[in-house]
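Chemist: Just need the structure, nothing else, for what follows:
(one chain, ligands or ions: 1)
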Amino acid sequence: MADDGARLLAMQSNFYDTPEVTWASDAAGTPSVTAPGRHGEVTLATLAAPGTKASPDGSSVTVDSITDADGTSASTISSLTASVDLGAEGGVQKVRFVDQHRRGLLTAGGLYDLRVSHTWSHTGTFPITVKLSDGRVLVTSVTVRDGAPAQPTGPVVGPCDKPTVSFPSGSSVRDDSRLDVSFTHLTPNTWVDVLIDDTKIGTVHTDATGSGTQDVPITYQTPSGAHLLRIAGPDGRFVEKVFTVTSKTPPFLNAITSGVTAKASSEASNETAPNGRASAAVDGNPNTFWHSRWEAPVATYPHTLTVDLGREYALSAMRWVSRRGNPNGRVKTLVLEFSTDGSHWTGRQPVALPSSSYPTIVSLPKQADARYVRITMASPQDASQPFAAIGEVTFAGLANGHADQPRHDPTAHTWAPPAHCQVTPEPSPTGRPTTIQPTATPASGSTATPTGTASQASTRPTRLPATGR
Ligand SMILES: [Ca+2]
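Modeler: The predicted structure is shown next:
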């Protein structure tokens, strides 16, 4: 592995490093092309050196021995500088190391361009020798010809560049498949989050131009209809785009979101409010959760949650979201019963839930007219856990005489560049300044709700999870 690290890095593969491995490094000359008289930097070589960092001015590369967020590492490089002999063209000059795959929390990092700033006056092909301070010699060449395209030498993503995203294979997919995603102009050389309908499904590493591609899993039983893909970087840059799923699972329409209360067979009053309380299971926020009493003494299965919808509805579906961020208390089986008065229960319906941190939609029989729903949780996903938890349970249905609610498809918002990126307005024909519409502010009034059964959880950084069932 010590030898493979440099090769993986050169291939732009990600891997974790460890201070127990003394990482080898590898370097090679890279022929460049420039134009006569052009000012700027030319790339002469590439260095792959896991576990190292460049100095802020790029003059040297050293092993990361500082204990901070990205830990420490060991490398055969303790400190490295480089110089190039440009011969009669310019003599010996220092080489600058420029990060191409920066070391970070989730990557061993340490891929660099070796660049020199020089202006060639004549056309021709010039042999170049780069000397590393550890004795290695790299041979390459610079070809100088008229009309040669410029090499990017500064930050590739400008502060005003808007991220873009596209679906090269089309924006319509089936459930239990993958969405082909390609994006540009996000933060270079970093991890960006991939979300569907506000649920994070993985992370992707961007390249030196802030671009990347990913096959995003669209889970079995993702509801039919429009969904929102969002890719968001750590610096606030993001891009969103709506795509369409075709599946046999109907969209979750007519959600009952107001006037809903709940009572539970027990509550964990030792959780930080509002968590632990029955009300947190129906507060509209999937990030707050009800939890059964788990000590003094622990309450055991079956657990019940009785939901009062506030009035009678013809119920059509239930959406279940487990507690987010913690698999404890996931429920495996439950029974639904329905009542108009809270004392006489009918329409018993057993339900088996998947072990998932993503929403599950359960269709209900048409005859489920009810104001009250009693959820009797019968068994846990983890047989060793006597307790239960719910992030959010939502019912869908129509009150007597009401028509279907208008469907709210998700809206793709646009990242707003910094204020200084606004173009100075041209004077309008009347002589008054034209008002520039802030085209980049998020649209207001979006009522998009997460409708995806989405995919299995993954905190693995290097690739998105396989499609889950
Ligand atoms: Ca909640």
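Chemist: in the stretch 251-400 of the chain, which ranges drop under the pLDDT threshold?
Modeler: 366-367 (pLDDT under 70).
Chemist: try 80
Modeler: 357-358, 365-368, 400 (pLDDT under 80).
Chemist: Helices along that one, start to end?
Modeler: Secondary structure of the stretch 251-400 of the chain (DSSP state H, counting those that start in this stretch): no helices located.
Chemist: got the residues of it near the ion?
Modeler: By the rule Cβ under 5 Å from the ion, the part of the stretch 251-400 of the chain lying against the ion is A280, D283, N285, T288, E392. Placement of C-beta: from N, CA and C, glycine included.
Chemist: What subset of these is buried?
Modeler: Neighbour-count burial (16 or more other Cβ atoms under 10 Å) applied to those gives A280, D283, T288, E392.
Chemist: The second one touches P274, doesn't it?
Modeler: Yes. Counting by Cβ atoms under 8 Å, P274 is a contact partner of D283 at 6.6 Å.
Chemist: May I have the secondary structure class of the closest residue to S166 other than its chain neighbours?
Modeler: Nearest residue to S166, sequence neighbours excluded (Cβ to Cβ, 6 or more residues apart in numbering): S182, at 5.2 Å. Three-state call for S182 (DSSP: H, G, I helix; E, B strand; the rest coil): strand.
Chemist: per-residue pLDDT, S182?
Modeler: Note on S182: pLDDT of 94.
Chemist: do T62 as well
Modeler: Listed pLDDT for T62 reads 94.
Chemist: helices or strands next to the one helix or strand it maps to in the packing?
Modeler: Assigned by DSSP states H and E, T62 belongs to strand 61-63. Applying 3 or more Cβ pairs under 8 Å, 6 or more residues apart in numbering; DSSP states H and E, we find strand 61-63 packed against strand 52-54, strand 79-80.
Chemist: That one: how far from the chain's middle?
Modeler: With Cα atoms, centre = their mean, to the nearest Å as the basis, strand 61-63 stands 30 Å off its chain's centre.
Chemist: Name the residues that touch the next helix or strand after that strand?
Modeler: Sequence order places strand 74-75 as the next helix or strand after strand 61-63, per DSSP H and E. Outside strand 74-75, the residues that touch it by Cβ atoms under 8 Å, 6 or more residues apart in numbering are 19-23, 25, 49-52, 63-64, 110.
Chemist: which of those tops the neighbour count?
Modeler: In terms of neighbours by other Cβ atoms under 10 Å, the contacts of strand 74-75 top out with P50 at 35 neighbours.
Chemist: which ones are touching that one?
Modeler: For P50, the contacting residues are G5, A6, L9, F15, D17, W23, S25, S73, S75, A108, G109, G110, by Cβ under 8 Å, 6+ apart.
Chemist: Go through the contacts of strand 74-75 and name the one nearest E267.
Modeler: Top of the list for closeness to E267, among those and by Cβ to Cβ, is P19 at 46.1 Å.
Chemist: thinking that closest one is in contact with G71, fair?
Modeler: Yes. Judged on Cβ under 8 Å, P19 makes contact with G71 at a distance of 7.0 Å.
Chemist: Dump the contacts of P50 to TSV, plus secondary structure, distance to the ion and pLDDT.
Modeler: Formatted as TSV, the contacts of P50 follow (DSSP: H, G, I helix; E, B strand; the rest coil; distance: Cβ to the ion, whole Å; pLDDT from 0 to 100):
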residue	secondary structure	distance to the ion	pLDDT
G5	helix	44	84
A6	helix	48	84
L9	helix	43	81
F15	coil	38	78
D17	coil	39	77
W23	strand	46	92
S25	coil	50	93
S73	coil	42	90
S75	strand	47	92
A108	coil	39	81
G109	coil	39	82
G110	coil	43	87
